[in-house]
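[1] After the sequence you'll find the predicted model.
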Amino acid sequence: MIRQNHWLIRGDRIGFFEGMRGSEPLFVFLENLLDNRSDVGLIRLNLPDFDTLKEPVSLQALSEIAVKAGVTRIALSDTAEDVAVRTLEALFSDNVDPLLNGHHSGLSIPVMLPFREIPDKELQLFADHYGVSAQGLGYQEHHRNSLEKPLLKLLGEFTASHPSAPHALRHYHDNLLLLSRED
């Protein structure tokens with residue numbers, strides 16, 4: 001998937017936000033992936049201190065932090081459930097912009113989502129295997145609106161008896177994105 005999406009290009013400086021939910025397993029994954037590549041760099045970025053901020057950090061603010069650090073692409077640890085919940089939220093709120101303009105259209109630099117096809121539970125298993133934490137502050141938790149929390153619960157309940165639900169919603173989102181780009 002990384003090759004298919006052209007997420008690693010010679011000269012890239014991949015940034016990830018330390019302290020974000022899933023950032024430790026993301027770092028382990030990227031470090032192993034880039035171990036033999038001298039043409040791509042990996043940069044740890046400091047997540048703003050959410051406790052001292054009066055408002056949630058915008059995607060644009062995260063972009064500005066990354067650009068100042070020389071990052072050319074941001075890596076996020078979004079899982080299949082994260083993509084599915086954002087897809088449902090866009091559909092139920094009648095805000096189709098995220099469906100037609102990409103996963104994180106508010107970011108001004110390219111994004112890579114290497115975990116977007118795996119469930120949260122598999123990310124946790126990966127983290128456990130490497131002895132790191134998948135916990136932490138989450139962009140998602142700080143930006144959830146009133147509709148997303150019930151949708152996350154609904155998705156969890158539905159996924160319990162239909163494990164492929166997050167993947168079906170991810171495919172739905174990907175297909176809409178492809179169709180919007182063909183116009």
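    Happy to help now that I have it.
[2] Show me the strands in this protein, by range?
    Assigned by DSSP state E, the chain shows strands spanning 13-18, 41-46, 73-75, 111-112.
[3] which of the ones you listed is buried the deepest?
    Most buried of the strands of the chain, by mean neighbour count (mean count of other C-beta atoms under 10 Å): strand 73-75, with a mean of 23. C-beta: built from backbone N, CA, C; applies to glycine.
[4] Which secondary structure elements does that one sit against?
    Counting contacts by 3 or more C-beta pairs under 8 Å, 6 or more residues apart in numbering; DSSP states H and E, strand 73-75 packs against strand 13-18, helix 59-68, strand 111-112.
[5] change it to 10 Å
    With contacts taken as 3 or more C-beta pairs under 10 Å, 6 or more residues apart in numbering; DSSP states H and E, strand 73-75 sits against strand 13-18, helix 23-33, strand 41-46, helix 59-68, strand 111-112.
[6] still on that earlier bit, of the strands of the chain, give the one that comes closest to residue 60.
    Closest to residue 60 of the strands of the chain is strand 73-75 (C-beta to C-beta; 12.2 Å).
[7] hmm, back to that, possible to save the helices and strands packed on strand 73-75 as JSON lines with mean pLDDT?
    JSON lines is the format used below for these (pLDDT from 0 to 100):
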{"stretch": "strand 13-18", "mean pLDDT": "92"}
{"stretch": "helix 23-33", "mean pLDDT": "93"}
{"stretch": "strand 41-46", "mean pLDDT": "92"}
{"stretch": "helix 59-68", "mean pLDDT": "84"}
{"stretch": "strand 111-112", "mean pLDDT": "90"}
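[8] which stretch among these comes nearest residue 4?
    When those are compared by C-beta to C-beta, strand 111-112 sits nearest residue 4, at 11.5 Å.
[9] what's in contact with the closest one?
    Identification of contacts with strand 111-112 by C-beta atoms under 10 Å, 6 or more residues apart in numbering yields 1-2, 5-8, 12, 14, 16, 26, 30, 59, 63, 66, 73-76, 78, 102-105.
[10] Pull the contacting residues for the closest residue to residue 95 other than its chain neighbours.
    Distances taken as C-beta to C-beta, 6 or more residues apart in numbering place residue 89 nearest to residue 95, at 7.7 Å, with adjacent residues excluded. Contacts for residue 89 (C-beta under 10 Å, 6+ apart) come out as 95, 98-99, 144-145, 147-148, 150-152.
[11] min pLDDT across those, which one?
    Lowest-confidence member of these: residue 144, scoring 48 (pLDDT).
[12] coming back round to it: in JSON lines: the strands of the chain, plus distance to residue 164.
    Shown next, in JSON lines, are the strands of the chain (distance: least, C-beta to C-beta, whole Å):
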{"stretch": "strand 13-18", "distance to residue 164": "28"}
{"stretch": "strand 41-46", "distance to residue 164": "32"}
{"stretch": "strand 73-75", "distance to residue 164": "25"}
{"stretch": "strand 111-112", "distance to residue 164": "24"}
